[in-house]
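[1] please work out how this folds:
(one chain, ligands or ions: 1)
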Amino acid sequence: MFKPLLKALATAAFAVSALAAQASVLQPVKVADDIYALVGPLGQRDAANAGDNATFGAIVTPDGVILIDSGATKVGAEHIETALKTITPKPVRWVINTGSQDHRWLGNATFAAQGAKIIALDSTVNVQQANATQEIQGLKMLLGEIAAGTVPMSSPDPLPGNAARLNLGGVDLELRHFGAGHFPGDAVVWLPKQHIAFSGDLVFADRMLGLLDNGSRVDQWAQTFSTFAAALKPKIIVPGHGKPCSLAQAQAQTGDYLDWLVREVQPAAQNMDDLEKTVQRVHAATPEAFRKLDNFENIDKKNINRAYLEFQ
Ligand SMILES: [Zn+2]
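    Residues are numbered from 1 along each chain as shown. As a prediction, this is how the structure comes out:
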């Protein structure tokens, strides 16, 4: 007689704790009226965050929600839906992808199935399609069952060129590609009236950025950041990782770090200095401003190593 009751209680407790865990993956942060960041954890992808170790954006218009980036997996897209429900009952009408890393776009199919239009530049979609198989494999290795049911879906009608003007519900926005960033084809969503940029992975705040062997280069990303900053001078940036920040913080934690890597590593690589000694020397001299960033211990040496190989 007790057993079914205990089982029911245990199931209910599990359901409540699962809901609580899900609700806490992405923290909604109000950036301005009707404009939000959904801030995920700064660490690695894991089953609890379903690959959403990143920051997303939401703009609530009279005609529905514009979601900036869709999460890394089907479950990751559900984490975004859970966070959106705390902001507005309105449906997601548009999903705009700023990039091609898993958490920027692999949740697209979930929102498309609910009627949302998927929007991205041509250059972004090309990289998504080239990387899709590898990204899904990587997620399955890291997340196991949590990655199941994730189906890559890019925008079926990508926008040509490096810039597009869009309007939903009277809200003007621009989608702009300034050059290769964390990935080739990375783009920025810009609100020209509010001077707010959703930078995608062009900007990392609060945590150390990571260089990848993916066709982008540290010197290109440094140049792209500098072009973006000079062209837009945003008042607020919703970064690809971390909390909403000022341009000064983005400069200090992304632009300056990229410039420092170029300055320190390029001469050593061109001089054909020993790779391992260069990594040890440059890492030991990493300025305090970068050492205090999350993930510094895990990533700084890898970045120096990667930059060296790119400059070789
Ligand atoms: Zn990212």
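[2] just the helices in this protein please.
    With DSSP state H, the ranges of helices along the chain come out as 2-23, 74-85, 102-105, 108-112, 122-143, 218-232, 247-250, 256-270, 275-284, 288-291, 296-311.
[3] for the stretch 101-250 of the chain, what are the low-confidence residue spans?
    Residues of the stretch 101-250 of the chain meeting the criterion pLDDT under 70: none.
[4] nearest approach to the ion belongs to which of the helices of the chain?
    Nearest to the ion, of all those, is helix 102-105, at 5.6 Å by CB to the ion. Where C-beta positions appear, they are placed from N, C-alpha and C, glycine not excepted.
[5] output the contacting helices and strands for the closest one.
    Counting contacts by 3 or more CB pairs under 8 Å, 6 or more residues apart in numbering; DSSP states H and E, helix 102-105 packs against helix 122-143.
[6] where does the stretch 101-250 of the chain get nearest to the ion, which residue?
    With CB to the ion, the shortest gap between the stretch 101-250 of the chain and the ion falls at D201, namely 4.1 Å.
[7] ok, back up a step: from the helices of the chain, which stretch is densest packed?
    helix 102-105 (a mean of 30; mean count of other CB atoms under 10 Å).
[8] centre of the chain to that helix, how far?
    Relative to its parent chain, helix 102-105 has a centroid offset of 7 Å by CA atoms, centre = their mean, to the nearest Å.
[9] and for stretch 200-207?
    Stretch 200-207 has its average C-alpha position 7 Å from the chain's average C-alpha position, going by CA atoms, centre = their mean.
[10] how about the residues of the stretch 1-150 of the chain by the ion?
    Residues of the stretch 1-150 of the chain found near the ion (CB under 5 Å from the ion) are 54, 101.
[11] if you set the cut-off to 8 Å instead, what comes out?
    Proximity of the stretch 1-150 of the chain to the ion (CB under 8 Å from the ion) is limited to residues 53-54, 99, 101, 103-104.
[12] nearest to A148, out of these: which one, please.
    Each of those was scored against A148 by CB to CB, and H103 proved nearest at 16.9 Å.
[13] now stretch 70-77 - C-alpha only, CSV.
    Presented in CSV, the C-alpha positions along stretch 70-77 are these (Å, rounded to 0.1, in the frame of the first residue of the first chain):
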residue,chain,number,x,y,z
SER,A,70,18.2,29.0,-30.8
GLY,A,71,20.3,26.8,-28.5
ALA,A,72,22.6,23.8,-29.1
THR,A,73,20.1,21.0,-29.0
LYS,A,74,16.4,20.1,-28.9
VAL,A,75,16.6,20.2,-25.1
GLY,A,76,18.6,23.4,-25.3
ALA,A,77,15.8,25.0,-27.4
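[14] contacts for that stretch?
    With contact meaning CB atoms under 8 Å, 6 or more residues apart in numbering, stretch 70-77 is reached by 45, 49-52, 54, 56, 78-80, 95, 97, 102-111, 139, 143, 146-151.
[15] what do you get if the cut-off is 7 Å, keeping everything else the same?
    Contacts with stretch 70-77, where a contact means CB atoms under 7 Å, 6 or more residues apart in numbering, come from 45, 50-52, 79-80, 95, 102-103, 105-108, 110-111, 139, 143, 146-147, 149-150.
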